[in-house]
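> give the three-dimensional model of this entry:
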Amino acid sequence: MGTRFPRRTMLAAGAAGLATVGLTSVNSTAAATPPTVSKEYFGQADGKAVYRYTLSSARGMRVRILSYGGIIQTLEVPDKRGRQANVVLGFPTLADYVAKNSPAAGGGVYFGALIGRYANRIAKGQFTVDGQTYHVPINNNGNSLHGGVSGFNSKVWDVAELPDGLRLSLTSPDGDQGYPGALHAIVTYTVDNQNRLRIDYEATTDKPTVVNLTNHTYWNLAGEASGDIYGQTLQIDADRYTPTDSTQIPTGELAPVRGTAFDFRRATAIGARIAESDPQLLTGQGYDHNWVLNHSGSPAVACRAADPASGRTLTVSTTEPGLQFYSGNFLDGTLVGTSGKTYRQSYGFALETQHFPDSPNHPDFPSTVLRPGQTYRSTTVFALGSS
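Numbering: from 1, shown residues only. Okay, the predicted model is just below:
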């Protein structure tokens with residue numbers, strides 16, 4: 001078992017806007033060498049050219065991002081011995097993503113993708129804004145998941161290169177997947193020489209709507225396709241979580257984690273309690289729940305993950321009020337990843353920073369309503385390190 005989150009460390013990280021825990025110092029040579037960005041053709045989708053961009057730091061982090069879905073295809077970092085490995089799950093080809101990553105094609109694993117307009121679930125595909133009821137596609141257990149059958153994960157985004165990253169933009173027209181308002185979204189990926197990948201989200205609308213954006217990367221700090229993640233540890237700064245009904249819609253309760261399988265306030269192996277007979281674990285066949293983060297406002301440390309064998313660490317900071325931890329329960333050995341190996345159950349875990357699931361139907365949850373003249377903003381930072 002690890003230690004509790006030190007409050008002063010969290011506040012310091014929040015004030016800086018970046019997680020600093022678990023990072024080694026940056027030598028002067030690396031600090032003086034700026035990150036690099038390169039581009040290559042990757043194929044076509046929806047009649048549009050798709051490009052793969054590589055963002056590289058001076059300390060050995062290399063991130064490949066597709067203009068299709070804003071997908072993080074690979075992310076390579078060194079371990080405590082300096083050995084490089086890709087630590088995220090993905091597919092080797094664009095055709096794989098088109099055929100298997102989206103529910104429109106009968107898939108829906110969302111490897112590495114940007115999720116919108118609404119990340120997570122909306123009960124029965126229905127919500128009301130200002131007295132007007134809207135219906136969005138039902139694609140998961142009688143509910144709407146991750147924006148519907150053709151969400152942001154399956155769109156070709158416009159991309160502008162930055163000195164240290166990419167700015168992706170997309171306009172979702174009024175009525176797209178049933179959502180009101182023309183929504184203009186901008187997502188900026190940047191890297192730095194402390195091996196941090198930062199994602200900044202912005203969105204504006206011309207009609208009142210709901211929005212909840214995130215990234216759906218699956219992590220395995222031991223290396224992609226290296227085995228299950230049960231021995232890797234996770235620590236979440238949350239005293240409460242949102243239990244769900246049998247269709248994985250929140251009941252509305254903010255339940256304490258104390259004394260349950262959902263207590264990750266101290267670093268705990270992911271597999272330590274995953275086989276308990278808790279009804280919540282049985283419904284999701286493992287963890288697939290939203291944690292109510294203790295912080296709010298400025299980016300602060302939300303969680304930390306670590307692989308004891310390699311020493312790799314992942315610290316996630318965010319401005320969001322919630323974190324969906326998904327333990328890869330529905331990976332079943334039918335998908336072949338970037339290394340040519342199959343992904344079996346719990347070969348990766350997702351940490352989706354977000355507003356709470358089904359917030360439009362829970363007035364007591366933090367609101368996801370966006371109105372004309374307002375700008376939705378959110379920041380998440382993934383800091384990779386080793387110890």
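> got the phi/psi numbers for residue 352?
With angles defined as degrees, to the nearest 10, residue 352 sits at phi -100, psi 110.
> quick check: beta-bridge partners of it?
residue 324 (DSSP bridges).
> how about low-confidence regions in the chain?
Residue ranges of the chain with pLDDT under 70: 1-31, 104-107.
> now the strands for the stretch 51-200 of the chain?
Here the stretch 51-200 of the chain has its strands, by DSSP state E, counting those that start in this stretch, at 62-66, 72-78, 84-86, 114-115, 121-122, 126-129, 132-135, 144-145, 158-162, 165-172, 183-191, 196-205.
> those: which one's closest to residue 241?
strand 121-122 (14.9 Å; Cβ to Cβ). (Glycine included, C-beta is placed from N, CA and C.)
> hang on, residue 257 packs against residue 243?
No: the pair residue 257 / residue 243 is not scored as a contact, 10.5 Å apart, by Cβ atoms under 8 Å.
> with distance to residue 384 and mean neighbour count added, can I get the strands of the stretch 51-200 of the chain in JSON lines?
Converted to JSON lines, the strands of the stretch 51-200 of the chain look like this (distance: least, Cβ to Cβ, whole Å; neighbours: other Cβ atoms under 10 Å):
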{"stretch": "strand 62-66", "distance to residue 384": "10", "mean neighbour count": "24"}
{"stretch": "strand 72-78", "distance to residue 384": "5", "mean neighbour count": "24"}
{"stretch": "strand 84-86", "distance to residue 384": "11", "mean neighbour count": "18"}
{"stretch": "strand 114-115", "distance to residue 384": "20", "mean neighbour count": "26"}
{"stretch": "strand 121-122", "distance to residue 384": "29", "mean neighbour count": "26"}
{"stretch": "strand 126-129", "distance to residue 384": "36", "mean neighbour count": "18"}
{"stretch": "strand 132-135", "distance to residue 384": "39", "mean neighbour count": "12"}
{"stretch": "strand 144-145", "distance to residue 384": "28", "mean neighbour count": "26"}
{"stretch": "strand 158-162", "distance to residue 384": "20", "mean neighbour count": "14"}
{"stretch": "strand 165-172", "distance to residue 384": "15", "mean neighbour count": "19"}
{"stretch": "strand 183-191", "distance to residue 384": "10", "mean neighbour count": "22"}
{"stretch": "strand 196-205", "distance to residue 384": "7", "mean neighbour count": "21"}
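> let's have those in TSV, adding distance to residue 49.
Converted to TSV, the strands of the stretch 51-200 of the chain look like this (distance: least, Cβ to Cβ, whole Å):
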stretch	distance to residue 49
strand 62-66	11
strand 72-78	16
strand 84-86	25
strand 114-115	18
strand 121-122	33
strand 126-129	35
strand 132-135	33
strand 144-145	29
strand 158-162	11
strand 165-172	15
strand 183-191	19
strand 196-205	23
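> what about residue 93, neighbour count?
Neighbour count for residue 93, taken as other Cβ atoms under 10 Å: 12.
> can I assume it is in contact with residue 43?
Yes: counting by Cβ under 8 Å, residue 43 is a contact partner of residue 93 at 7.4 Å.
> contacts only, for residue 249.
121, 123, 143, 357, 358 (Cβ atoms under 8 Å, 6 or more residues apart in numbering).
> please report the distance of the third one from residue 247.
Between residue 143 and residue 247 the distance is 6 Å, computed by Cβ to Cβ, to the nearest Å.
> shared neighbours, these two?
Listed as contacting both residue 143 and residue 247 by Cβ under 8 Å, 6+ apart are residue 123.
> which one's more surrounded, those two?
When neighbours are counted by other Cβ under 10 Å, residue 143 and residue 247 differ, and residue 143 comes out ahead with 21 against 13.
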